[in-house]
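**Student:** just coords:
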């Protein structure tokens, strides 16, 4: 295995499992311990991971974010449950904003048969929405390759021309203290503008985003509605103590919204 292939595999495994032991990486790459140690040292210098005793963990830099492809294969069950709840908040006749992002990809099929208008900055959404026969407007601007999202000043200015019944946004992290955050200020500005233009905004985020803090703030936790899934009991209790109101959905015991 070539060095770049081996290092890409190491990063892929860390994205999937968050932490890997040295022995796990040795077995997965069919390499020696000394080779893996050198790889980990190089990757740490590039700030792609953090070395820990006996292995490595993915870097939690506030500027680092995963690509759309990487996100789309993670926590799929939780994202499906979140999308099911989100879809119940959309009614015929609504004009809605759907953010770019992997959780939104789970929401799109659930729009089938709905008589709505969609505005989006997500390039990958267009084919799905076209197949569903949904009237769709694409927000222009600077195309960000990793997330396939249009961002920047032009995107913000375009959003100012619309008013939404509801907006559905993705985030890289959420916490009681720091609110909703994302790694890229350009994306954060688009999300903030969508919130301004919407009567009601929903943040769709699975449990892996809880207590993750990224570089750019989007809004306070209480400013918009959170739909999440997969939290453990302690995490739920923490949010329940903080929130003014917690509504637990009947369909999925591990899915609830915080308004």
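**Tutor:** Structure's in. What do you need? These figures come from a predicted structure and were not determined experimentally.

**Student:** Only C-alpha atoms from now on, for both contacts and neighbour counts.
**Tutor:** Fine.

**Student:** model confidence over stretch 41-58, on average?
**Tutor:** The predicted model assigns stretch 41-58 a mean pLDDT of 81.

**Student:** try stretch 159-167
**Tutor:** Mean pLDDT, stretch 159-167: 98.

**Student:** Contacts made by that stretch with the rest, please.
**Tutor:** 90, 94-99, 139, 190, 193-195, 197-202 (Cα atoms under 8 Å, 6 or more residues apart in numbering).

**Student:** Buried among those residues? Need that as a selection in ChimeraX.
**Tutor:** Burial among the contacts of stretch 159-167 is assessed by 16 or more other Cα atoms under 10 Å; the matching ChimeraX selection reads:
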select :90,94,95,96,97,98,99,139,190,193,194,195,197,198,200,201,202
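
**Student:** Among the contacts of stretch 159-167, which are located in strands?
**Tutor:** Counting by DSSP state E, the contacts of stretch 159-167 place 95-98, 198-202 in strands.

**Student:** Can you verify my assumption that residue 112 contacts residue 132?
**Tutor:** Yes. Because the distance of 5.8 Å satisfies Cα atoms under 8 Å, residue 112 is recorded as touching residue 132.

**Student:** how about residue 99, phi and psi?
**Tutor:** For residue 99, the backbone dihedrals (degrees, to the nearest 10) come out as phi -70, psi 160.

**Student:** try residue 217
**Tutor:** Reported as degrees, to the nearest 10, the phi and psi values for residue 217 are phi -80, psi 140.

**Student:** I'd guessed it sits against residue 188; true?
**Tutor:** Yes. With contacts defined as Cα under 8 Å, residue 217 counts as touching residue 188 at a distance of 6.8 Å.

**Student:** Give the residues shared as contacts by these two.
**Tutor:** Looking at what touches both residue 217 and residue 188 (by Cα under 8 Å, 6+ apart), the common residues are 181-182.

**Student:** if we can go back for a sec, ok, the ones in strands among the contacts of stretch 159-167 vs residue 150, which is closest?
**Tutor:** residue 98 (12.2 Å; Cα to Cα).

**Student:** Which strand residues bridge that closest one?
**Tutor:** Partner residues in beta bridges with residue 98: residue 120, residue 168, with DSSP bridges as the criterion.

**Student:** Show the model's pLDDT score for it.
**Tutor:** 98.

**Student:** so who does it touch?
**Tutor:** Residues touching residue 98, when contacts are defined by Cα under 8 Å, 6+ apart, comprise 104, 118-122, 167-169.

**Student:** residue ranges with poor pLDDT in the protein?
**Tutor:** Low-confidence regions of the chain, defined here as pLDDT under 70, cover residues 15-16, 18, 47, 59-74, 242-259.

**Student:** quick check: domain ranges of it?
**Tutor:** Recorded structural domains for the chain (assignment: automatic domain parsing) are 3-58, 68-258.

**Student:** Name the stretch among those that sits most buried.
**Tutor:** Neighbour counts (mean count of other Cα atoms under 10 Å) averaged over each of those peak at domain 68-258, with a mean of 19.

**Student:** Centre of the chain to that one, how far?
**Tutor:** Offset of domain 68-258 from its chain centre (Cα atoms, centre = their mean, to the nearest Å): 8 Å.

**Student:** any chance you could map the strands in the stretch 151-259 of the chain?
**Tutor:** Assigned by DSSP state E, counting those that start in this stretch, the stretch 151-259 of the chain shows strands spanning 164-170, 173-175, 179-182, 198-204, 216-219, 225-229, 246-248, 255-258.

**Student:** Brilliant, that's me finished.
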